[in-house]
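Asker: I'd like to go over a predicted model; first the sequence, then the structure.
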Amino acid sequence: MQYMGRRINKAKLATKKQILDYLETYGASDRQLAYFRDRYHTSFGNELIWNYSICDGDHFGFYIVPVREGFLNLPYNALDEEECELFVLEHAYLMSAEDLDLFLDQWRSYSGGLMSAMEEMIAILKEEESKNAHT
């Protein structure tokens, strides 16, 4: 498959079960997910894993992990100083195209709103700085 500008041999991807079993055994955290990021980086020249850091209504956010079967939604609801995101493994699932469409729309809406707000913040601060420079 073609993903992120790379030709990916799906046979080199972990399975959903391999990832969930590994996290169940070694700890359900971002720190342990690093094993797969490193493995993917070695195999594909990129870790291929994304953090979707917008609340989906049930979780603080989730990671999107490519697996042989598709794309795994690996949600988290807590953060730890050492382990980073702590996953809710029983809520992990393979995402559909419809799921990804919905999350993409939410991301566009959020990022567009944030960018507009930040542009206004910059304009406000520049105006204030300009006024202060002339007084």
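Answerer: It's in.

Asker: Show me what the longest strand seen in the chain is packed against.
Answerer: Ranked by residue count under DSSP state E, the longest strand found in the chain is strand 70-80. Packed against strand 70-80, as judged by 3 or more Cβ pairs under 8 Å, 6 or more residues apart in numbering; DSSP states H and E, are the following elements: helix 16-26, strand 61-67, strand 84-87, strand 93-94. Where C-beta positions appear, they are placed from N, C-alpha and C, glycine not excepted.

Asker: Got the phi and psi for the residue nearest the centre of the chain?
Answerer: Nearest to the mean C-alpha position of the chain, by Cα atoms, centre = their mean, lies residue 51 at 1.2 Å. Dihedral angles of residue 51 (phi, psi; degrees, to the nearest 10) stand at phi -100, psi 120.

Asker: Tell me who's in contact with it.
Answerer: By Cβ atoms under 8 Å, 6 or more residues apart in numbering, the contact set of residue 51 is 61-63, 85.

Asker: run the last query once more with 6 Å
Answerer: By Cβ atoms under 6 Å, 6 or more residues apart in numbering, the contact set of residue 51 is residue 63.

Asker: Quick one, grab the pLDDT at it.
Answerer: Predicted confidence (pLDDT) for residue 51: 95.
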